[in-house]
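1. Below is the structure, and that's it, no one-letter string:
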DNA sequence: CCTCCACAGGAAGCGCAGGAGT
DNA sequence: ACTCCTGCGCTTCCTGTGGAGG
């Protein structure tokens, strides 16, 4: 019989788990002074009754975009006590259409719109009336690239500004897509990009400082070594400069330390945490792959595990472990047959291979020096056993 | 040298699902 | 609710590449 003591016993590692979670917003954002100042200076006009210019924020994942904006939004709300300015944060993954955005804005800002069932024209009129009294609204659109018909939304909002004599509506767009600019209507582009702000990736050094800060808040004194923090920062810095990834490694390391009964996070925990986080990411990637991609990947994994049926390459160690494109296709066809699914053409199969390579799930090499004419040699990017385990679970459940 | 094999990957067309317009 | 349109995944067809074999 297990005892509750086992689970309620105070942690030897954690002081406050929330501090390590990806949703935690720290009071101090290191290395973002410039961005915070820029944000504040672009919002400040609204506090003085002037219309802020629209702002577009760009930066890769885990560079502190959302964190910074939310923090500034909070400060803005504290300052704006006269009811003449409002700020609203929306994640466009959820509010991904013009109507949904407008609806949400109306429900949070306008009185009487909290019930459902208002059409766009009513919402629009409502907003005009609200802003017409000399009020300013700032709409933050996080992950703005997820919005369908962004052109339409931006057009509607800028048109509202044109109709207003006093007051106004400003947009802060946040995205991690560089190419978004090219997909937009020129007019949308020029109004959305009135002002731009870039969040660069963190360096290893900066990540180490960030982790240090979190570790001091989240872990007990002496529950981590400086080396472990630096290693986690170095790994994340080398991979991506993504602070979220760095934090993931650190909190995983902490969990490992706790589960194994250690009272300290060391390099060893960080190293195994790295592998686990890596595998988590791979798992996520594989699970949302389309069916045929999964089947092809499974075929590669299976052949990697059982060995190529064709002769080994001319005794060259460096090419060892590569599979021929042709045999993988055959395996894929058989696999499909076994699962009673129609297999696709060899041509399609080649596209799948390219997709999988693009995702880093496998590596391919063009043959050329004396091997089988013109073909591709393929090798799995991750341990075959793990890939097969993930896939067999995913294919069972996913249909 | 030519031809065949075993592939790579571009171009075009086809059927389908889902959104827009009416 | 109906058609119309559009994007997407696939297939078909095709041209190119480079070693093997006659």
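-> Perfect, thanks for sending it. Everything quoted here is computed from the prediction, not taken from an experiment.

2. If you count neighbours, what's buried in stretch A:262-281?
-> For stretch A:262-281, the neighbour count (16 or more other C-beta atoms under 10 Å) marks A:262, A:265, A:269-271, A:273-274, A:276-277 as buried. Just so you know, the C-beta spots here come from the backbone N, C-alpha and C atoms, and that holds for glycine as well.

3. can you list contacts of that stretch?
-> Residues outside stretch A:262-281 that contact it (C-beta atoms under 8 Å, 6 or more residues apart in numbering): A:12-13, A:219, A:222-225, A:227-228, A:231-232, A:235, A:245, A:248-250, A:252-257, A:382, A:386.

4. Now the buried members of the residues you listed.
-> A:13, A:219, A:223-224, A:228, A:231-232, A:235, A:245, A:248-250, A:252-257, A:382.

5. shaky segments in the stretch 1-150 of chain A?
-> Counting by pLDDT under 70, the ranges of the stretch 1-150 of chain A that qualify are A:6-9, A:116-117.

6. Residue A:212: neighbour count?
-> Neighbour count of residue A:212, defined by other C-beta atoms under 10 Å: 16.

7. picking up where we left off before, among the buried residues of stretch A:262-281, which lie within helices?
-> When these are checked against helices (DSSP state H), the matches are A:269-271, A:273-274, A:276-277.

8. ok, which stretches of the stretch 151-300 of chain A are helices?
-> A:180-183, A:186-192, A:204-218, A:226-239, A:243-259, A:267-287, A:291-306 (DSSP state H, counting those that start in this stretch).

9. looking at those helices, which is closest to residue A:129?
-> Taking C-beta to C-beta, helix A:186-192 is the member of the helices of the stretch 151-300 of chain A nearest to residue A:129, at 22.5 Å.

10. Mind listing residues that contact the closest one?
-> So helix A:186-192 is contacted by A:54, A:56, A:150-151, A:154-155, A:158, A:171, A:173, A:181, A:184 (C-beta under 8 Å, 6+ apart).

11. do that again at 10 Å, thanks
-> Helix A:186-192 is touched from outside by A:53-56, A:141, A:144, A:150-155, A:157-158, A:161, A:171-173, A:175, A:180-185, with contacts defined as C-beta atoms under 10 Å, 6 or more residues apart in numbering.

12. Pull out the buried residues from those residues.
-> A:54-56, A:141, A:144, A:150-151, A:153-155, A:157-158, A:161, A:171-173, A:175, A:180, A:184.

13. Give me the subset of these lying in strands.
-> Taking DSSP state E, the ones among the buried ones among the contacts of helix A:186-192 that sit in strands are A:55-56, A:141, A:171-173, A:175.

14. Make TSV out of those and add distance to DNA strand C.
-> Below are those laid out as TSV (distance: C-beta to the nearest atom of the strand, whole Å):
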residue	distance to DNA strand C
A:55	29
A:56	24
A:141	22
A:171	25
A:172	27
A:173	22
A:175	18
